[in-house]
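quick one, fold the following:
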Amino acid sequence: MCGGEGTRLRPLTFERPKPCIPIVNRPSIQHLVSHLSNLGFREVVMTLGYKGQDIENALGDGSLFGVDITYVHEKTKLGTAGSVRNAKKYLDGQDFLVVGGDHVTDLNVLEFYRFHRTEKAIASIGLISIDDPGEYGIAEIDVNYEIKRFKEKPAPGEIFSNLASTGMYVCKPEVFDYIPAGKKFDFARDLFPHLMEDGKALKGWLARGNWTDVGSPHSLRQAERWKLQDIMTTDIIGDLSMHGAHVQGPVQLGDSITLGKNTRVIGPVAIGSGTTIGNNVLIGPYTSIGERCIIRNNAKIFSSSLYNRAVIGPNTTISGSIIDNDTHVGEGCSIENDTVIGPRVVLRDRVIVHSKTRVWPEVVVCDDTVVKEHILNDKFDLRCEGS
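Predicted coordinates:
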C-alpha cells in the first residue's frame, strides 16, 4: 500500500512520496521489496496514490529485485482496506499478505504468512511490543493468539496492551465480502471491528525483530540506523582519492570520492558517488551522505542523513539531523538533533537550529539566527500532521 501523502514527514515529502525517501542512499521501498523477495515472495501488487509514478520509476517491473510487480492506481482516496479491495482482481482468490509501502523491517513475514495458513481466522494481524503504543492500533490476545479487543490509537487510560499493530496483515479472500467497493474503508478503523462484531476470528502473530512505519523523522533515522548496521565490510565501488585520511569501517563508498587530510570516517557510514570531503572533517557512525555533496574543512557530522548535493560549510556541526537535496549550510553552524532541513534551503553563517525543528523548502535563514521553531514557507502546504 503506497497511497499516503506522508504529511507527518514534511518537508521531506513535498517532492517525493514517503516510500521514496532515501535510506542509505536508496528509496526505502527498494529495501522493502528486496526483503520480501529474499523471503520468497515473488508476486507483488502495489496500490499507488500520491506521486505514484515516482514509485514506479524506483522499482520498474520488479525484475531487478526478483519480483513481478503489478501497479494499481487510485483515482480517489480509498483508505487502506479500500485500496486493497481496488486491487482484488490481481490477487487470484488466494490468501494474501498486506504490507505498508512505508515499512522498514527485517521481520520474517514468510513465517507470518505460514502462521495464518495454519490458523482458522479470516485475517491475522502482525503485532509487535513497543514502548509507546498510543499512536498505533493495539490488540489484546489470548493464549490461542485470538484477538479479543482491538483499539485504534488509544487515549491515555485506554492502553490495555503494548502489542501494536504493524499494519501488516494476512487475509483470506473472504474479507472482500466486508469491504465496500469504491468507498473509503480502513483495516483498523472499519474492517477489523466489523469482523469482530460479526463473530469472525482474528488472530495475532507476535513479531520479533525490527519494524517501523517511518511515521516521524526520529523513526526514519532509526530505520536508517538499522540499514547501516547491515553494512558488514568496507566496500569501495570506484575511484577513491585520499590525502592522509583515516577510514575505520564498515564503510560503503561510491565512485569518485575525495577525502581530505586528517579526515576521519568511522563506520557504519555510506557516502554516495561524487562527494568531496575537506580536511580535518569528522564523520561519525550511523551517517549517510548522498551523491555530489561537499563537506568543507573542520566540519563534524554525527548520526545524520545528508541527501544529494548538500553543501556543509567549514566548522559546522550536524548531529542527528536530516538535510534534503541541494541545501547549503554556511560556516560555523550548529544543526541539533532530530531536525529536518528541507530541499534548497540556505542557512547562512553561524546559524543554530534547535532540536526537533523543521525548515520548509527554499527558506533562507540569515546570519547568526537561532531557529527555535519550525520555519514554514507559504509556497508549500503548511500542515505536518496526518498520514
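
which stretches of this structure have low pLDDT?
Residue ranges of the chain with pLDDT under 70: 386-387.

scan it for its longest strand.
strand 163-171 (DSSP state E).

who's in contact with the helix or strand following that one?
The helix or strand immediately downstream of strand 163-171 is helix 192-197, counting by DSSP states H and E. Contact with helix 192-197 is made by 122-123, 125, 137, 147, 150, 175, 178, 202, as judged by CB atoms under 8 Å, 6 or more residues apart in numbering. (C-beta placed from N, C-alpha, C; glycine too.)

can you give me the offset of helix 192-197 from its chain's centre?
Helix 192-197 has its C-alpha centroid displaced from the chain centroid by 30 Å (CA atoms, centre = their mean, to the nearest Å).

now it: buried residues?
In terms of neighbour count (16 or more other CB atoms under 10 Å), helix 192-197 has its buried residues at 192, 195.

elements contacting the helix or strand following that helix?
Using DSSP H and E, the helix or strand that directly follows helix 192-197 along the chain is strand 202-206. Contacts defined by 3 or more CB pairs under 8 Å, 6 or more residues apart in numbering; DSSP states H and E place strand 202-206 against helix 109-118, strand 123-129, strand 137-141, strand 147-152, strand 163-171, helix 192-197.

list of residues touching the first one?
The set of residues that contact helix 109-118 without belonging to it, under CB under 8 Å, 6+ apart, is 36, 39-41, 95, 97, 99, 123-124, 126, 168, 170, 203, 205, 207.

just the buried residues out of these, in PyMOL syntax.
In PyMOL, a selection of the buried entries from these looks like this (16+ other CB under 10 Å):
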select buried, resi 36+41+95+97+99+123+124+126+168+170+203+205+207
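
check contacts around the most centrally placed residue in the chain.
The chain has V214 as the residue nearest its centroid, 4.0 Å off, counting by CA atoms, centre = their mean. Taking CB under 8 Å, 6+ apart, we find V214 in contact with 9, 18, 21, 28, 102-104, 220, 223.

got the buried residues for stretch 168-188?
In terms of neighbour count (16+ other CB under 10 Å), stretch 168-188 has its buried residues at 168-172, 175-176, 178-179, 185-188.

picking up where we left off before, can you redo the contacts of helix 192-197 as JSON lines with distance to I323?
Output for the contacts of helix 192-197, formatted as JSON lines (distance: CB to CB, whole Å):
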{"residue": "I122", "distance to I323": "46"}
{"residue": "A123", "distance to I323": "41"}
{"residue": "I125", "distance to I323": "36"}
{"residue": "G137", "distance to I323": "33"}
{"residue": "I147", "distance to I323": "42"}
{"residue": "F150", "distance to I323": "39"}
{"residue": "V175", "distance to I323": "42"}
{"residue": "Y178", "distance to I323": "45"}
{"residue": "L202", "distance to I323": "43"}
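
burial count for S28?
24 (other CB atoms under 10 Å).

touching, it and R16? I think so.
No: under the criterion of CB atoms under 8 Å, S28 is not in contact with R16, lying 10.3 Å apart.

common neighbours of these two, please.
Contacts common to S28 and R16, judged by CB under 8 Å, 6+ apart, are absent.

mind giving me the domain split of this protein?
Using automatic domain parsing, the domains assigned to the chain come out as 7-216, 229-371.

D381: which of the ones you listed is closest?
Distance to D381, taken as CB to CB, is lowest for domain 7-216 among the domains of the chain, at 7.3 Å.

report the distance from the closest one to the chain centre.
Computed by CA atoms, centre = their mean, the chain-centroid distance of domain 7-216 equals 14 Å.

just list whatever residues bridge to H328.
Legend: beta-bridge partners of H328 under DSSP bridges are V311, V346.

can you offset everything so residue one is 42?
In the new count, where the first residue is 42, that last one comes out as H369.

what residues does it make contact with?
Each residue near H369 by CB under 8 Å, 6+ apart is listed here: 351-352, 354, 386-388.

just to be sure, R49 is in a strand?
No: assessed with DSSP: H, G, I helix; E, B strand; the rest coil, R49 is helix; it does not lie in a strand.

that one: what's its closest spatial neighbour, skipping adjacent residues?
Of all residues beyond its chain neighbours, the one nearest R49 is G256 (5.6 Å), with distances taken as CB to CB, 6 or more residues apart in numbering.

hang on, isn't H259 packed against T380?
No: H259 lies out of contact with T380 (CB under 8 Å); the separation is 10.8 Å.

who has more neighbours, those two?
Applying other CB under 10 Å to H259 and T380 shows that T380 carries more neighbours, namely 23 against 14.

give me the number of residues near the spatially closest residue to L73 that is not a sequence neighbour?
Excluding the flanking residues, the one nearest L73 by CB to CB, 6+ apart is H144, at 5.9 Å. Number of residues near H144 (other CB under 10 Å) recorded here: 24.

next, give phi and psi for H144.
When quoted as degrees, to the nearest 10, the phi and psi of H144 stand at phi -80, psi 140.

residues contacting it?
Taking CB under 8 Å, 6+ apart as the contact definition, H144 lies against 73, 207-209, 252-255.

coming back round to it: let me know the closest of the contacts of H369 to G120.
After measuring these against G120 - CB to CB - the closest member comes out as V386, at 34.1 Å.

number of residues surrounding the closest one?
The burial count assigned to V386 is 24, neighbours taken as other CB under 10 Å.

if I look at it, how far off is E46?
Between V386 and E46 the distance, using CB to CB, to the nearest Å, works out to 21 Å.

how about G208?
Taken as CB to CB, the span from G208 to E46 is 16 Å.

F217 is in contact with K129, correct?
Yes: in this structure, K129 is within contact of F217 by CB under 8 Å, at 5.6 Å.

closest one to E426 among the domains of the chain?
Proximity to E426 (CB to CB) singles out domain 48-257 among those, at 6.3 Å.
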